[in-house]
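Colleague: Predicted model, plus sequence, below.
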Amino acid sequence: MNNLFSILLILYTILIQTASPQINTCRFDAIFKNPKPLQCSISSRNLGKSIYILYDVNPPEGFNLRRDVYIRLAVFVRNLQMEQGFEFVKLVLPPFRRLYHWKSSHVYQDNVLWSRFFDIPSMKEFAPVLDFNEFLAEINETLVDPKRIPVDVAYQLKHFEDMFENGVFRDKYELEDCKREEYLRGYLLHQPHLIDKKFFCLKFQGGASLLTDVLKSSIQRQKNSSPKIFAFLNAEIVLHDHWGSDEFWMARRSMRFNRELMKIANDFRRDFLNSTDLYDAVQRPFNWKDEKPYRGAKGGDYLCVHLRRGDFIHGREKTTPTLKSAATQTRNKMRELGLDKVFVSSDCSQFEYKNLKSYLQRGRMYRFMSESLHQKSIIKDGGIAIIDQIICSHARYFIGTFESTFTYRIYEEREILGFPKHTTFNTFCKNEDLENCAKNSIWPIVY
């Protein structure tokens, strides 16, 4: 009887293993310097049909523009799945390398995964995305040598010399041969294991959906059945198909922040600003898909200002206020709203911050600083920027900087949380002449 039971158990085990997809347990690649390695399970089902879209952005571009480029491509890939042959397409998120505004030299800030800043499972509910470590684990299932990942075609995107041919802007693209050495400095996406088999320059102008034609023509030339990998460099050249549409806002709403960063920001709000989601009456269901049209958010009992300094002082001198002028505008608004607390998000120096504080002596001024070097090594400069945005997005009233992408992202977050528009779309003026003041555009959320 025991022998019969053992035989049946073995047969059952074989049957289950045959019926189930192959599973591979993986860990985060060591190159990403994650302080808390996590385990993941990767299914090998349909790997042979997978198409991977890799991309990168011009290195000088900032963190917040990169978030916007992601939305353009996420909407594109979400729709691309509907095309025959692209049912298993996946968008691979490029690791962040040290950006211009990440000034902390004592913190490792290269090859930073998107999961360090964003909730990847939430993003996957909108589009088929893979963080870069997930891509490595998945593609390694199909490779003989995991140290060499062949990219079938890498496209260097370029602008057309004449973008308005005969005075009209038309969607178009044009392939041209070029030498990779003229455009590619170092490794593809700064990843030494990515080996490009073919490299083309692609003059491109128009919305992201135009990339569908590029991919279709390229795939027709591929004769093998292995996973197909394509890379688009300088992807910021690709435009939104329908900026501000409901799809745009779904992609944006799905980009919820890393939960560790949310906790740090929420603890700061509670401890210093007497602010909680319940008190602030913001919209924040567990899943972004449950968000509805809402304008009832009140916000915490504090003002938030985003005061851009740095290169804006010289590059945008005509619209960037002095510290004293910004302080006067802040003080006037606090008096009008009956608030005595202001949270400051700024790239100003410590010296400028002290000067700003001296101009606002009657108000209580707050700024987020990481509590330890260990914490900063985990959250990094990008995490501090996100914490600032979370705190600003919950304020009773917000004032941003003209034409700053950092300010735009706070506008969007406040729209999602449900604030009245007049408390969100505000901009510092060059001086106290509010009648002649450059203002950012207003783009309300769409469901």
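Modeller: Nice, thanks for sending it over.
Colleague: Spit out the contact partners of the closest residue to residue 302 other than its chain neighbours.
Modeller: On the basis of CB to CB, 6 or more residues apart in numbering, the spatially nearest residue to residue 302 that is not a chain neighbour turns out to be residue 341, at 4.0 Å. Quick note: C-beta positions are derived from backbone N, CA and C, even for glycine. Applying CB atoms under 8 Å, 6 or more residues apart in numbering, we find residue 341 in contact with 273, 301-303, 363-366.
Colleague: at 7 Å instead, please
Modeller: Counting by CB atoms under 7 Å, 6 or more residues apart in numbering, residue 341 touches 273, 301-302, 363-364, 366.
Colleague: Mark which of the residues you listed are part of helices, please.
Modeller: The subset of the contacts of residue 341 located in helices under the criterion DSSP state H comprises residue 273.
Colleague: Looking at the contacts of residue 341, which is nearest residue 234?
Modeller: Of all the contacts of residue 341, residue 234 sits closest to residue 366, with 38.7 Å by CB to CB.
Colleague: What sits closest to that closest one if chain neighbours are left out?
Modeller: Using CB to CB, 6+ apart and skipping the chain neighbours, the partner closest in space to residue 366 is residue 343 (4.8 Å).
Colleague: Specify the local secondary structure of the one you found.
Modeller: In the three-state summary, residue 343 is assigned as strand, counting by DSSP: H, G, I helix; E, B strand; the rest coil.
Colleague: Counting neighbours, what do you get for it?
Modeller: 26 (other CB atoms under 10 Å).
Colleague: dump the residue contacts of the residue nearest the centre of the chain.
Modeller: By CA atoms, centre = their mean, the mean C-alpha position of the chain lies nearest to residue 67, the distance being 3.1 Å. If you count contacts by CB under 7 Å, 6+ apart, residue 67 has them with 255, 409.
Colleague: so where's this protein shaky on pLDDT?
Modeller: Residues of the chain meeting the criterion pLDDT under 70: 1-48, 222-227.
Colleague: Helices of that one, residue ranges please.
Modeller: Secondary structure of the chain, counting by DSSP H: helices at 2-19, 63-80, 120-124, 132-139, 180-183, 211-220, 246-254, 259-273, 277-280, 312-315, 323-337, 350-359, 373-393, 405-417.
Colleague: List the buried residues of the fourth one.
Modeller: It refers to helix 132-139. Applying a neighbour-count criterion of 16 or more other CB atoms under 10 Å, one finds 132-139 buried in helix 132-139.
Colleague: Can I get the residues you listed in a markdown table including distance to residue 102?
Modeller: Formatted as a markdown table, these follow (distance: CB to CB, whole Å):
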| residue | distance to residue 102 |
| --- | --- |
| 132 | 18 |
| 133 | 20 |
| 134 | 24 |
| 135 | 23 |
| 136 | 23 |
| 137 | 27 |
| 138 | 28 |
| 139 | 28 |
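Colleague: I'd assumed residue 301 was in contact with the residue nearest to residue 366.
Modeller: No: Residue 343 lies out of contact with residue 301 (CB atoms under 7 Å); the separation is 11.1 Å.
Colleague: Show me the protein divided up by domain.
Modeller: Structural domains assigned to the chain are 19-246, 257-423, following automatic domain parsing.
Colleague: Please identify the most buried of the ones you listed.
Modeller: When you average the neighbours per residue for each of the domains of the chain (mean count of other CB atoms under 10 Å), domain 257-423 leads with a mean of 18.
Colleague: Figure out the length between the terminal residues of that domain.
Modeller: End-to-end span of domain 257-423 (CA to CA, to the nearest Å): 22 Å.
Colleague: and what of stretch 161-169?
Modeller: This stretch, stretch 161-169, spans 12 Å end to end (CA to CA).
Colleague: How far away from the center of its chain is that stretch?
Modeller: On the basis of CA atoms, centre = their mean, to the nearest Å, stretch 161-169 sits 31 Å off its chain's mean C-alpha point.
Colleague: now stretch 439-447
Modeller: Computed by CA atoms, centre = their mean, the separation of stretch 439-447 from the middle of its chain amounts to 19 Å.
Colleague: Could you export it as PDB, CA atoms only?
Modeller: C-alpha atoms of stretch 439-447 as PDB (Å, rounded to 0.1, in the frame of the first residue of the first chain):
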ATOM      1  CA  LYS A 439       1.500  81.800 -15.400                       C
ATOM      2  CA  ASN A 440       1.700  78.100 -16.000                       C
ATOM      3  CA  SER A 441      -1.100  76.500 -18.100                       C
ATOM      4  CA  ILE A 442      -4.100  74.900 -16.400                       C
ATOM      5  CA  TRP A 443      -4.900  71.300 -17.400                       C
ATOM      6  CA  PRO A 444      -7.600  69.600 -15.300                       C
ATOM      7  CA  ILE A 445      -7.700  65.900 -14.800                       C
ATOM      8  CA  VAL A 446      -9.800  63.800 -17.100                       C
ATOM      9  CA  TYR A 447     -11.500  60.500 -16.200                       C
END
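Colleague: ok, and what's touching it?
Modeller: Contacts for stretch 439-447 (CB under 7 Å, 6+ apart): 244-246, 249, 292-293, 400, 402-403, 407, 415-416, 421, 425, 427.
Colleague: From residue 416, how far out is residue 249?
Modeller: Applying CB to CB, to the nearest Å, one obtains 8 Å for the distance of residue 249 from residue 416.
Colleague: How about residue 184?
Modeller: For residue 184, the distance to residue 416 - CB to CB - is 38 Å.
Colleague: same deal with residue 267?
Modeller: Relative to residue 416, residue 267 is positioned 21 Å away (CB to CB).
Colleague: Please apply the same query to residue 310.
Modeller: From residue 310 to residue 416 the distance is 27 Å (CB to CB).
Colleague: ok, now residue 318?
Modeller: When distance is defined by CB to CB, residue 318 is 32 Å away from residue 416.
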